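Asks: Next comes the sequence, and after it the predicted model I'd like to discuss.
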Amino acid sequence: MPSLAPYASDPARSRGRFHELGSGTRGPRDEFQRDRDRIIHSISFRRLRHKTQVFVAPDGDHFRVRLTHSLEVAQIGRTIARALGLNEDLTEALCLGHDIGHPPFGHAGEEALEAAMAEAGGFDHNAHTLRMLTRLDSPYPAHEGLNLSWETLEGLAKHNGPVARRTWAMAEIDDEWPLDLDSWPGAEAQVAALADDIAYDNHDIDDGVRAGLLTLDQALTDPLVRSNWDRVRTRYPDVAQSRLLGELVREQIGCMVNDLLAESRRRLDEASPRSVEDVRAAGRALIGFSDEMASREKALTSFMYTNLYHHPFQIDIANKTGQVIAALAGAYKADPSLLPAHWRKTMPVREPGRTRHIGDFIAGMTDRYALSRYRELIGPIEIEEGF
């Protein structure tokens, strides 16, 4: 591995794990490599295969789901981390784990679960990622959770910046092992957040056009897309337009990554951090887009909400899937005996624990499992699954 910059996270100087269990032989891996591997081998990660990215339960093999999105984020994140001299393994762990807390059906499912759990403190997918990894996904005999390093938990908690308001799930973990929520995270977490933006900004264009909900001509009305398309067309003037969508996506990603690297190097040179603690104490993000690219990226995100995420087809699906989550939550609250045996056995006696327990169960569902449980407990529902 290339030598690390002085402001990178060093696995040899990790703050450790909540459960220190001695020196078991686990191969020639450092702390962050072990975290990455634990996430990859977890049930929570495998379930992302059947969780919505843009489309619910797509039956087309070429559409992205949470799992493939997370892999693409990790690829972009590692590339950026290597170029900046950051720790690639920690960056990859954060990229792979960042969406583990999402419930079925994407943002529609999250909004419905938030409403169903309102009296018990609500639901937040970012906090639930930490809850999954420290409480619920427990493959080891000696402790709950995956027992990840402090740096990985901190990065997952704060990859979008300091946490101004702790939800109940975040507070539980932070009270047990403080994650310094009021400071910026290390540079690897900042990279992971922006790799996520770059991935979904561009891959969702690809999926939207493939699905027929977005046309290339529509996409070309966005200035950033148009400028990259013009470069692609200049390179390939005689190639059919239908064959250039993938090249457009690659051009977009390269353009955004190059801007991010140039601006981040400028900020790092200006701040001159000598340690990861200097990065956390900088009072601002040291990894980011230039002002011009940030503005163009924001405009692209707005375009995607208007033309794809809020497409009438997507709104109809969101309404139906939100009803699925609401109905399941209502059914389990009214009759907890409907829960599987393990979940019945571990049901708390009092509120808000009972509602949170039901929320944990629903949040872990895949799209198809939620639909099957709905049809079993509530009744038939017609959902356009795939394209």
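Replies: Okay, I see it. Residues are numbered from 1 along each chain as shown.
Asks: Could I get the CA-only coordinates of stretch 248-261 as PDB?
Replies: Only the C-alpha atoms of stretch 248-261 are listed here, as PDB (Å, rounded to 0.1, in the frame of the first residue of the first chain):
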ATOM      1  CA  LEU A 248     -21.200   9.800 -20.400                       C
ATOM      2  CA  VAL A 249     -21.400   8.300 -16.900                       C
ATOM      3  CA  ARG A 250     -17.700   7.600 -16.800                       C
ATOM      4  CA  GLU A 251     -17.000  11.100 -18.000                       C
ATOM      5  CA  GLN A 252     -19.200  12.600 -15.300                       C
ATOM      6  CA  ILE A 253     -17.600  10.500 -12.600                       C
ATOM      7  CA  GLY A 254     -14.100  11.400 -13.800                       C
ATOM      8  CA  CYS A 255     -14.900  15.100 -14.000                       C
ATOM      9  CA  MET A 256     -16.300  15.200 -10.400                       C
ATOM     10  CA  VAL A 257     -13.500  13.100  -9.000                       C
ATOM     11  CA  ASN A 258     -10.800  15.300 -10.600                       C
ATOM     12  CA  ASP A 259     -12.500  18.400  -9.200                       C
ATOM     13  CA  LEU A 260     -12.700  16.800  -5.800                       C
ATOM     14  CA  LEU A 261      -9.000  15.900  -5.800                       C
END
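Asks: which residues are in contact with that stretch?
Replies: With CB atoms under 8 Å, 6 or more residues apart in numbering as the test, stretch 248-261 has contacts from 76, 79-80, 83-84, 194, 198-199, 201-203, 205-206, 224-225, 228-229, 231-232, 287-290, 293, 297. Just so you know, the C-beta spots here come from the backbone N, C-alpha and C atoms, and that holds for glycine as well.
Asks: most residues in a single helix of this protein, which one?
Replies: helix 245-271 (DSSP state H).
Asks: List the buried residues of that one.
Replies: By 16 or more other CB atoms under 10 Å, the buried positions in helix 245-271 come out as 245, 247-249, 251-253, 255-257, 259-260, 263-264, 267-268, 271.
Asks: Report the rounded mean pLDDT for whatever helix or strand comes next after it.
Replies: As assigned by DSSP states H and E, the chain's next helix or strand after helix 245-271 is helix 276-280. Regarding helix 276-280, the rounded mean pLDDT is 98.
Asks: which residues touch V349?
Replies: By CB under 8 Å, 6+ apart, V349 has no neighbours at all.
Asks: now do L181
Replies: So L181 contacts 157-158, 162-163, 166, 170, 174 (CB under 8 Å, 6+ apart).
Asks: Then L148?
Replies: 17, 35, 38-39, 93, 133-134.
Asks: if we can go back for a sec, please identify which of the contacts of L181 is nearest to G359.
Replies: Nearest to G359 out of the contacts of L181 is M170 (CB to CB; 14.4 Å).
Asks: and the closest one, what helix or strand is that in?
Replies: Going by DSSP H and E, M170 is part of helix 168-176.
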